[in-house]
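Engineer: Just the structure for this:
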Amino acid sequence: MEQQNNTIQNNYQEWQNNTPNWKERMAQIKKKKDEEATQFFETLGIGTLVYALILTLCLYKNLYSFTCPIFSISTAAYMHYISKRFGHSFHGINYFLAATIALLGFSNFLTANYLMIFYNYLAIIILFVINFILIFFDLKEINLLGHICFIMKYAFESLEQIPLPFDHLFRQIKRRKTSKSERTKYIIMGVVITIPVFLIVYWLLSSADAVFQQVFSIDLDWLNLEFIIENTFGILLTFALSYAIPYALVISLDKTDSSKVKSVKKNYNPIIPIILGSSLSLLYVTFSVIQIVFLFMQAGTLPEGYTYAEYAREGFFQLLFLSISNAFAILIGMELFRSHKVLKVLLLTISGCTFIMIASSAYRMMMYIDNYGLTSYRIFVLWGLLVIFLLLLGLVYQMFVKKFSLFNYALIVSSLCFMVLSFSHYDYWIAHYNFARYEAIQQHQLSDDSKHQESEDSYEEEADAELLFMNNRYVDYEYFLDLSEDAAPIMADHLDELFQYMKTEKLPIHDAEWYPYKKHGKRKMSLRTFNLSRYLAEQKIPTGYSK
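Structural biologist: The predicted structure follows:
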């Protein structure tokens, strides 16, 4: 054992003797890392810290208020700031994406629909990443699949850089330990110590004397001791992630070799897609002819027991799935396989049949809505069909115009369509359509009963809220409870019916999402938490309304 230890020690000594400059090399490596950290932090650090502070102040536990436009405009400004700091230019597509992000922040301020708010933030994150990619790289010559592959690869690689922003920050703090920075450190420590001590003393004095609390009337609800204790970790985590993620994204892009960004190679033999496309084209053409004759023209003979209404109301989800699948198949056929006249004809045939499938699915969904009412799910289906239709148009156009930028087209079309959905306040239109549909049916029934004067007089005399509710089989009151405060202006015109339903089902009024008041009364909105949709709901529905 002793001999083995001596051998190890001798080997270590020999390594040291043979590499006399190893300490210098380690020092050089450390110096190089310090210089790199300093360079990145001086270029990127301060701006990212300011952006993280703005994001935390605006969005922490406050995702749909007046501060959302401030956050989104700051995000657009931050992207422009980074482009200038790294010597890149903002082009038309970059301005478009930055403006889209800013508008989505306004959408969150204007709506109280939690699902739409979630989708808005998801869209902001996606557009944020894509815009940075387009700032750092010129991808005009890259095909759509190349864009998609690079975006996914870049997104995962950026996660590996998450520790670097903190490493750069700590290195920068350590490097700046001068007499001036010591004074700055003590100032910061004094402020940090003063704030909690001040709040503790204020809280104790306010709870000890009501007069002092009234005189010291500064609204510090959001800075009370309990809030600080409960939320310190959440605030710090939000700030840390808001600083680290954008910083890591930019570092990852700056370190990426632009020569590695390439199109997906178009070198596969087209025989397989030609064989598959031929068989599918035959099926699709046959199906399309049937749609035109039986669905759109309502000619021919349906299977026994079917009516045209029943025939039209089924199959839209299958057709939606096929439309999406066909769009991807056409894209793959265009960008992965070598050009061939027969393949191009087959892709055009499948594209034409897919247009008919989209029209068929939309027609069936409209028939379904006409019979069963409007829901958010059905709106999403129609919206998705519109997006697929527009993207498919771009695919067909690129078959004839090779220089057409399909990625930019898809990005712009998808963003514009999403903004229309985001600003639509679809909960409002769902309530409006369904109640208007019921009232039209009700008027039709009254018209049919007009010859029975006695029944009509009886109906008019007893048309109170309870009778309206009991006779209404065409409005899904249970579904209405889940609509957001965006629908409150419509609900305000039908409060008697809605509250009669809740009374019958023994449901508390606070279960309705559109009802703008909590159990303890009207919610207090500060400038930071002000939301326009919630404010309008409070203006339309009386406080504490009950029936």
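Engineer: contacts, neighbours, all on C-alpha from now
Structural biologist: Noted.
Engineer: residue contacts, residue 357?
Structural biologist: For residue 357, the contact set (Cα atoms under 8 Å, 6 or more residues apart in numbering) comprises 288, 319-320, 323.
Engineer: how would you label it: helix, strand or coil?
Structural biologist: Three-state assignment for residue 357 (DSSP: H, G, I helix; E, B strand; the rest coil): helix.
Engineer: From here on, call the first residue 881.
Structural biologist: Got it, first residue is 881 now, which makes that one residue 1237.
Engineer: What distance do you get for it to residue 1231?
Structural biologist: 10 Å (Cα to Cα, to the nearest Å).
Engineer: And for residue 1367?
Structural biologist: 39 Å.
Engineer: Also residue 1116?
Structural biologist: The gap separating residue 1116 from residue 1231 is 51 Å, by Cα to Cα.
Engineer: Compare these two and say which is more crowded by neighbours.
Structural biologist: Legend: neighbour count by other Cα atoms under 10 Å for residue 1116 and residue 1231, higher for residue 1231 (24 against 12).
Engineer: you'd agree the more buried one is in a helix?
Structural biologist: Yes: using three-state DSSP, the assignment for residue 1231 is a helix.
Engineer: you'd agree it is up against residue 1272?
Structural biologist: Yes: Residue 1231 sits in contact with residue 1272 when judged by Cα atoms under 8 Å, with a separation of 7.3 Å.
Engineer: Isn't residue 1150 up against residue 1217?
Structural biologist: Yes: between residue 1150 and residue 1217 there is a contact under Cα under 8 Å: 5.4 Å.
Engineer: returning to what we had before: pick the one among the contacts of residue 1237 closest to residue 1009.
Structural biologist: residue 1203 (27.8 Å; Cα to Cα).
Engineer: Can you tell me the closest non-neighbouring residue to that closest one?
Structural biologist: Using Cα to Cα, 6 or more residues apart in numbering and skipping the chain neighbours, the partner closest in space to residue 1203 is residue 1234 (5.7 Å).
Engineer: Report the contact partners of residue 1274.
Structural biologist: 1286, 1289-1290.
Engineer: Got a ChimeraX select line for the buried ones in these?
Structural biologist: Buried residues within the contacts of residue 1274, by 16 or more other Cα atoms under 10 Å, are selected in ChimeraX with:
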select :1286,1290
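Engineer: and which of the contacts of residue 1274 is nearest to residue 1159?
Structural biologist: For these, the nearest to residue 1159 is residue 1286 (27.5 Å; Cα to Cα).
Engineer: Would you agree that closest one is in contact with residue 1026?
Structural biologist: No: counting by Cα under 8 Å, residue 1286 stays clear of residue 1026, with 11.3 Å between them.
Engineer: Is it possible to get a markdown table of the contacts of residue 1237 that adds neighbour count?
Structural biologist: Below are those laid out as a markdown table (neighbours: other Cα atoms under 10 Å):
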| residue | neighbour count |
| --- | --- |
| 1168 | 20 |
| 1199 | 21 |
| 1200 | 22 |
| 1203 | 25 |
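Engineer: Sort out for me which of those are in helices.
Structural biologist: Judged by DSSP state H, helices contain the following of those: 1168, 1199-1200, 1203.
Engineer: got a pLDDT number for residue 1280?
Structural biologist: Looking at residue 1280, its pLDDT reads 89.
Engineer: rewinding a little: joint contacts of residue 1231 and residue 1272?
Structural biologist: Counting by Cα under 8 Å, 6+ apart, the residues touching both residue 1231 and residue 1272 are residue 1207.
Engineer: Any idea how many residues pack against residue 1222?
Structural biologist: When neighbours are counted by other Cα under 10 Å, residue 1222 registers 14.
Engineer: give me the element it is part of.
Structural biologist: Assigned by DSSP states H and E, residue 1222 belongs to helix 1221-1252.
Engineer: Quick one: mean pLDDT for stretch 1227-1245?
Structural biologist: Computed over stretch 1227-1245, the mean pLDDT rounds to 91.
Engineer: chain center to it: distance?
Structural biologist: The chain centroid and the centroid of stretch 1227-1245 are separated by 28 Å under Cα atoms, centre = their mean, to the nearest Å.
Engineer: Wait, residue 1397 touches residue 1389, no?
Structural biologist: No: assessed by Cα under 8 Å, residue 1397 is found out of contact with residue 1389, at 9.2 Å.
Engineer: Show the backbone phi and psi for residue 1217.
Structural biologist: With angles defined as degrees, to the nearest 10, residue 1217 sits at phi -110, psi 150.
Engineer: Give me the number of neighbouring residues for it.
Structural biologist: 18.
Engineer: what's the answer for residue 1040, then?
Structural biologist: Applying other Cα under 10 Å, we find 12 residues neighbouring residue 1040.
Engineer: Quick check: phi and psi on the closest residue to residue 1204 other than its chain neighbours?
Structural biologist: In space, and not counting its chain neighbours, residue 1204 is closest to residue 1268: 6.9 Å by Cα to Cα, 6+ apart. Taking degrees, to the nearest 10, you get phi -60, psi -40 for the backbone angles of residue 1268.
Engineer: How about the contacts made by residue 1015?
Structural biologist: Contact analysis of residue 1015 by Cα under 8 Å, 6+ apart lists 963, 968-971, 974.
Engineer: Could you export stretch 1369-1389 as CSV, CA atoms only?
Structural biologist: Below are the C-alpha coordinates for stretch 1369-1389, written out as CSV (Å, rounded to 0.1, in the frame of the first residue of the first chain):
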residue,chain,number,x,y,z
PRO,A,1369,-72.5,42.9,-20.7
ILE,A,1370,-74.7,40.2,-22.3
MET,A,1371,-75.4,38.5,-19.0
ALA,A,1372,-76.5,41.8,-17.5
ASP,A,1373,-79.5,41.7,-19.9
HIS,A,1374,-80.5,38.2,-18.7
LEU,A,1375,-79.8,38.3,-15.0
ASP,A,1376,-83.3,37.2,-14.0
GLU,A,1377,-83.1,34.0,-16.0
LEU,A,1378,-79.6,33.3,-14.9
PHE,A,1379,-80.2,33.7,-11.2
GLN,A,1380,-83.4,31.7,-11.5
TYR,A,1381,-81.3,28.8,-12.9
MET,A,1382,-78.7,29.2,-10.1
LYS,A,1383,-81.5,29.3,-7.5
THR,A,1384,-83.1,26.1,-8.9
GLU,A,1385,-79.7,24.3,-9.0
LYS,A,1386,-78.8,25.7,-5.5
LEU,A,1387,-75.6,27.3,-6.8
PRO,A,1388,-74.1,30.3,-5.2
ILE,A,1389,-73.8,33.4,-7.4
